[in-house]
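Peer 1: Provided below are the primary sequence and the corresponding predicted coordinates.
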Amino acid sequence: MRWTDVQSSGRALRPRLPQPNDRLPIGNGLTVSPICIGAVPHPEILEAAFANGINFFLVSLDLHWPLYEHTRAGIARLLRSGVRRDDFVVALVSYLDEPLFRHFQAREFINAVPGVERADVIVAGAIATDHGFMPRMTALQALRDRPRIGARATGGTFHRRDVERNH
């Protein structure tokens, strides 16, 4: 259905749009806002987002590490301000293919952000490629089982809707 169809029919696609304070279950007791914040130009953005109900933050590792400097700093600021670590969810994503994906750099993130202690979700990035998700699934499961990372859920980013619909 296109927007013009909605306008002419008067029907809404859904009764209401998701709100930052809504919570969606993603597995193993984790609930997240329907909005996730990733790379930001200023650390203060994470504090403002959290104050407005967003509790889900994504940090890219490996190739994109420098682009997430302000996101890491924003998470550190949240923790210094007294926000409890259990009040927000951190997802870490790696875009490396196997076998390098097995060396998921979660510890580098945990060591770089004082007080963060764990990654809640570990994510295989851009799985809708020729290399796909399945080769990284074993590595994701093994990583989730490492207590020093602390992940309770796994996920993947597709970046291509045509492939995502087929998985």
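Peer 2: The structure has been received and is ready for your questions. What you see is a predicted model, and the numbers here were worked out from it, not measured in a lab.
Peer 1: Any stretches of the protein with poor pLDDT?
Peer 2: Where the chain drops to pLDDT under 70, the residues are 1-14, 99, 101-102, 128-133, 159-167.
Peer 1: Show me where it has its helices.
Peer 2: 3-9, 44-51, 69-80, 106-112, 134-144, 161-164 (DSSP state H).
Peer 1: show me where this protein has strands.
Peer 2: Assigned by DSSP state E, the chain shows strands spanning 24-27, 30-32, 36-37, 56-60, 89-94, 121-124, 153-156.
Peer 1: which residues are contacting the longest one?
Peer 2: If I follow you right, that is strand 89-94. With Cβ atoms under 8 Å, 6 or more residues apart in numbering as the test, strand 89-94 has contacts from 26, 30-32, 36, 55-62, 75, 101, 104-106, 109, 116, 118-125, 155, 157. The way it works is simple: take the backbone N, C-alpha and C, and place the C-beta from them, glycine included.
Peer 1: Quote the end-to-end distance of stretch 40-54.
Peer 2: By Cα to Cα, to the nearest Å, the extent of stretch 40-54 from end to end equals 14 Å.
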